[in-house]
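Participant: Predicted model and sequence below, questions to follow.
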Amino acid sequence: MLARTADNIYWVSRYLERADFLARLIEASSRISALPTAYAAKQDEWTSVLIASGADETFPDHFEVANEANVTAYLAFDARNPSSIRNCIQFARTNARAVRTAVTVEMWEHINSAWLKLKNFESQHPEPTAIDREALNGFLDFVKETSSLYDGHGYRTMLRNDVYFFARLGVSLERADNTARVLDVKYQLLLPENETVGGSVDYFQWSTILRSVSALTAYHWVYRESIKPWNVADLLILRPEMPRSLLSCYGEVVRWLDAIGNQYGRHGAAQRQARAIKRKLEGASIKEIFQSGLHEFVDGFITETNGLASAIAEQYLLG
């Protein structure tokens, strides 16, 4: 397969997974910001959203105040934000259109339809900062559905060849990065300084974050106790049965990189780096992670994941 085709397929998946993550992040933050003042985090919730999404450096170039309306508009609809939901869907469609013969009819029709629905929504809501809560919730549901259905069409209709392997690799790597970012930012910013760990404030905030990664029910199945921050970290970092955990994502990253390497008859730096990161996660314990510092661990993970993405690009995507 041509490197350009692999690159397009890989980035379609990454863009749609990123759009899904942003929709979940906005939804969770809207829930937290709607709580009474006594349940608020020690730092403004919408500033933390910008940090978790990686948009904190560019946002001040376009808005003066990081409030719900401005942050939501910038992350969801703003064409000036390269990683906005709008641009993620547009870029995903552009990449898919470039390789229409590599994706199935169902996948192309779905993503093209999603783009048309997005354009229709924009025409009905020309002022993004003035969108009402009901319309916004409907839009966020549409985004999550778009990502899930595209993923489902791929699972049901694609041949299990290198095209499929690159598509799954993009999902897994993007999901790992997103989980790490939201865990790092939220763990540092959520709990007010004068609130007891495990108290009512803690419970509401962390249950909302677990909902944002579809993990609230899973948490109760695994731990069978009230929500504790260290258990949330354990679930989202080290639990292989949790689909969005760092370990689970890297299990998939290694799986798809190995499949690509086997099909092409050669393994390289990308495979070696992915296996090393997976082994590091498998050998870690949540107690050791907290002793050395959760932020330092997650920050190092994000750096290693970025390095792996560069290795994948150099090995397979740069023609």
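Facilitator: Cool, the structure landed.
Participant: got a pLDDT number for V49?
Facilitator: V49 is assigned a predicted lDDT (pLDDT) of 90.
Participant: SS state for it?
Facilitator: helix (DSSP: H, G, I helix; E, B strand; the rest coil).
Participant: do you know how far it is from A19?
Facilitator: As for V49, its distance to A19 is 15 Å (criterion: CB to CB, to the nearest Å). For every residue, glycine as well, the C-beta is placed using N, CA and C.
Participant: where does the chain have low pLDDT?
Facilitator: For the chain, the stretches with pLDDT under 70 are 35-43, 188-203, 319.
Participant: Report how many residues lie close to the nearest residue to E314 once chain neighbours are set aside.
Facilitator: Of all residues not flanking E314 in the chain, A269 sits nearest, at 7.7 Å (CB to CB, 6 or more residues apart in numbering). By the criterion of other CB atoms under 10 Å, A269 has 14 neighbours.
Participant: Now that A269 has come up, it's in contact with Q315, right?
Facilitator: Yes: at 6.2 Å, A269 counts as touching Q315 under the criterion of CB atoms under 8 Å.
Participant: Go through stretch 75-82 and flag the buried ones.
Facilitator: For stretch 75-82, the neighbour count (16 or more other CB atoms under 10 Å) marks L75, A76, F77, D78, N81 as buried.
Participant: The second one against A135, yeah?
Facilitator: Read that as A76. No: contact criterion CB under 8 Å: A76 and A135 do not qualify, at 11.2 Å.
Participant: gap between stretch 177-188 and the chain center?
Facilitator: 10 Å (CA atoms, centre = their mean, to the nearest Å).
Participant: Ok, stretch 140-160 next?
Facilitator: Taking the mean of its C-alpha atoms, stretch 140-160 sits 15 Å from the chain's own mean (CA atoms, centre = their mean).
Participant: now swap in stretch 78-95 and tell me
Facilitator: Distance of stretch 78-95 from its chain centroid, counting by CA atoms, centre = their mean, is 15 Å.
Participant: Pick out whichever of V49 and A19 has more residues nearby.
Facilitator: A side-by-side neighbour count of V49 and A19, using other CB under 10 Å, places V49 first with 30 against 26.
Participant: Give me the neighbour count for the nearest residue to the more buried one once chain neighbours are set aside.
Facilitator: Setting aside the residues directly before and after it, V49 is nearest to S29 in space (CB to CB, 6+ apart), at 4.8 Å. Number of residues near S29 (other CB under 10 Å) recorded here: 24.
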